[in-house]
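> fold the stuff below for me.
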Amino acid sequence: MKEQQPGSSGAVDSPTGGVAGPAGAAVPPVADGDGGPPALIDSDAVDTSVRSPAQRSRTFAGILVNTALANITTSYLWFALTFWVYLETRNVIATGVVGGAYMLLIALSSISFGTFVDRYRKLVVMRFAAVFTLVMFVLAGILYLLTPTTAMADLTRPWLWAFALVVLVGAVVENMRNIALSTTVTILIEPDRRANANGLVGMVQGLMFIVTSVLSGLSVGLLGMGGTVVVAVALTAVALVHLLTLRMPEEVRAAATDAHGGFDLRGAFAAVLAVSGLFALILFSTFNNFIGGVYMALMDPYGLEMFPVEIWGAVFALGATGFIVGGALIGKFGLGSNPLRTMLLAVVAMGVLGAVFTLREWAWLYVLGIWLYLVLVPFVEAAEQTVIQRVVPLERQGRVFGFAMAFESAAAPITAFLIAPIAQVWIIPYARSAEGSAQLAPLLGEGTSRGIALVFLVAGIVMIVAALLAFLTPVYRRVSASYAQVAAAGDEAVVTAPSAASSS
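Below is the predicted model of the structure:
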């Protein structure tokens with residue numbers, strides 16, 4: 001990527017989203033020589049000479065800590081909602097619908113989020129998202145307070161679904177901050193340090209899972225859902241107040257962009273296609289989200305059948321330390337000479353884990369399987385962040401990150417919406433019947449959750465086959481060859497230590 005050069009800006013934003021020069025005329029993007037998408041390089045939008053690299057790093061640390069607090073709060077309420085819905089209904093369809101709806105909303109909204117990130121200053125976008133999320137969580141608290149407890153537990157009445165939807169919308173909009181955070185790495189961090197910054201992002205996400213898993217289970221068990229919402233509102237307000245104190249003078253104004261409207265799908269797709277192999281990279285990253293939809297629908301019900309809710313939160317927190325270990329391994333050793341090969345090998349290993357970690361209803365096997373699976377997640381996701389930051393111009397990064405989030409997030413709801421009803425209506429009753437239990441016992445042992453174990457086994461096998469077939473595709477060979485050429489040329493786009501970032 002051609003870096004943003006320091007410089008002072010005398011231009012102002014035009015009403016159309018372009019850059020108005022002295023005469024007020026919008027400066028058009030410069031077209032590539034090959035007639036492809038325009039190469040937008042707005043060097044006046046970012047002035048890195050305003051402060052030293054150390055000062056910019058401190059600002060990034062402040063933004064990272066603030067985003068971490070916001071993510072922890074959102075995940076805390078989201079995890080609690082999932083636990084609470086299952087405990088109230090004992091129905092995996094309910095958890096599947098809630099989890100699938102969350103990922104579907106992310107998939108539908110991420111391109112809009114990326115468009116807004118490209119069109120506006122990054123801190124402005126973050127503040128808008130923080131205010132919106134706070135309003136939604138307050139509305140959720142009011143709805144919970146006014147709705148009778150019996151009505152909330154009834155799947156045939158609208159109140160539980162309305163409450164869940166309000167929480168989900170607030171949580172989804174908070175994801176706009178994560179897209180903006182990725183672009184602040186480009187603005188604030190020197191090119192040779194961006195991989196390290198991305199690694200910090202991944203470590204923070206691992207910490208987020210650890211903290212929220214423990215707190216959510218304890219909160220639902222000790223405070224109930226009403227008290228949990230109150231805590232989430234308070235923490236969201238604290239994060240907003242802190243965010244209002246942060247400043248980022250390096251972003252003189254929003255970079256001139258070709259983004260239009262509030263949902264620039266065409267521009268996002270063009271920006272992805274403009275970089276050779278980027279679309280294939282996103283496709284490969286999507287593999288793990290197909291099996292992720294199965295886990296989304298059934299992992300919490302399996303764990304809650306095995307452990308009390310307070311203990312299950314702590315167990316999942318223990319498993320989430322795998323995020324930190326995976327991120328540390330990438331920071332130490334990188335992804336090798338071919339990140340795509342590393343990615344697919346990790347997907348194969350994740351499929352193996354998904355197939356075997358519930359072969360017996362043993363707590364230690366389940367916990368170990370979760371931990372190893374989460375160690376591998378950063379390897380699957382790591383290949384994207386640093387690549388995009390280095391090969392995509394800043395004024396298009398929001399839409400590219402949004403497109404990647406939308407594409408990858410769309411995979412999980414498909415499997416979640418499909419597998420939850422199938423498991424609830426057919427597979428689980430079959431596995432608990434005398435005939436089904438006897439047939440499954442030689443392979444899956446005995447226990448109350450053998451139906452879910454059967455789903456995990458099949459999903460893991462499908463994942464293994466899909467990843468192995470990907471190795472044989474022509475696009476894999478072409479993209480691998482292009483990465484080898486870039487590495488041989490010493491190009492800056494080589495991915496050496498990408499981050500362990502989280503859509504799913």
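> would you mind measuring from Leu244 to Gly292?
35 Å (Cβ to Cβ, to the nearest Å). Backbone N, C-alpha and C define where each C-beta goes, glycine included.
> more crowded one of these two?
Gly292 (29 against 13; other Cβ atoms under 10 Å).
> in space, what's closest to Ala453 - neighbours in sequence excluded?
The shortest distance from Ala453 to any non-neighbouring residue, by Cβ to Cβ, 6 or more residues apart in numbering, is to Thr358 (3.9 Å).
> do I have it right that the one you found meets Leu368?
No - judged on Cβ atoms under 8 Å, Thr358 makes no contact with Leu368 at a distance of 11.3 Å.
> which of those two has more neighbours?
Using other Cβ under 10 Å as the criterion, Thr358 and Leu368 rank with Thr358 on top: 27 against 16.
> and Val46, its phi and psi?
Here is the backbone geometry of Val46 (degrees, to the nearest 10): phi -120, psi 130.
> neighbours around it, how many?
Val46, neighbours per other Cβ under 10 Å, totals 25.
> can you name the residues that contact Phe357?
Applying Cβ atoms under 8 Å, 6 or more residues apart in numbering to Phe357 gives the contacts 365-366, 368-370, 372-373, 456.
> and Gly445, by the same measure?
359-361.
> in ChimeraX, select just the buried ones from these.
Burial among the contacts of Gly445 is assessed by 16 or more other Cβ atoms under 10 Å; the matching ChimeraX selection reads:
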select :359,361
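> which other helices and strands does the helix or strand hosting Ile419 contact?
Here Ile419 sits within helix 411-422, counting by DSSP states H and E. Here helix 411-422 touches helix 92-119, helix 278-306, helix 450-471, going by 3 or more Cβ pairs under 8 Å, 6 or more residues apart in numbering; DSSP states H and E.
> if we can go back for a sec, Throw the contacts of Phe357 into CSV and include distance to Thr115 and pLDDT, thanks.
Shown next, in CSV, are the contacts of Phe357 (distance: Cβ to Cβ, whole Å; pLDDT from 0 to 100):
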residue, distance to Thr115, pLDDT
Leu365, 45, 92
Tyr366, 41, 91
Leu368, 42, 93
Gly369, 39, 92
Ile370, 36, 89
Leu372, 38, 93
Tyr373, 33, 89
Phe456, 37, 91
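> can you tell me which of those has the most neighbours?
Phe456 leads the contacts of Phe357 on contacts (other Cβ under 10 Å) with 26 neighbours.
> pretty sure that one contacts Met350?
No - if you go by Cβ under 8 Å, Phe456 and Met350 don't touch, sitting 11.6 Å apart.
> please identify the longest helix in this protein, counting by residues.
Ranked by number of residues, the top helix in the chain under DSSP state H is helix 53-89.
> next, the buried residues of that helix.
Under 16+ other Cβ under 10 Å, the buried positions of helix 53-89 are 56-57, 59-60, 62-64, 66-86, 88-89.
> quick check: angle from it to helix 278-306?
Angle, helix 53-89 to helix 278-306, by axes from the mean of the first three to the mean of the last three Cα atoms, to 10 degrees: 50 degrees.
> helix 53-89 - contacts with which helices or strands?
When contacts are defined as 3+ Cβ pairs under 8 Å, 6+ apart, helix 53-89 sits against helix 92-119, helix 122-146, helix 158-174, helix 176-188, helix 194-222, helix 224-244, helix 278-306, helix 309-333.
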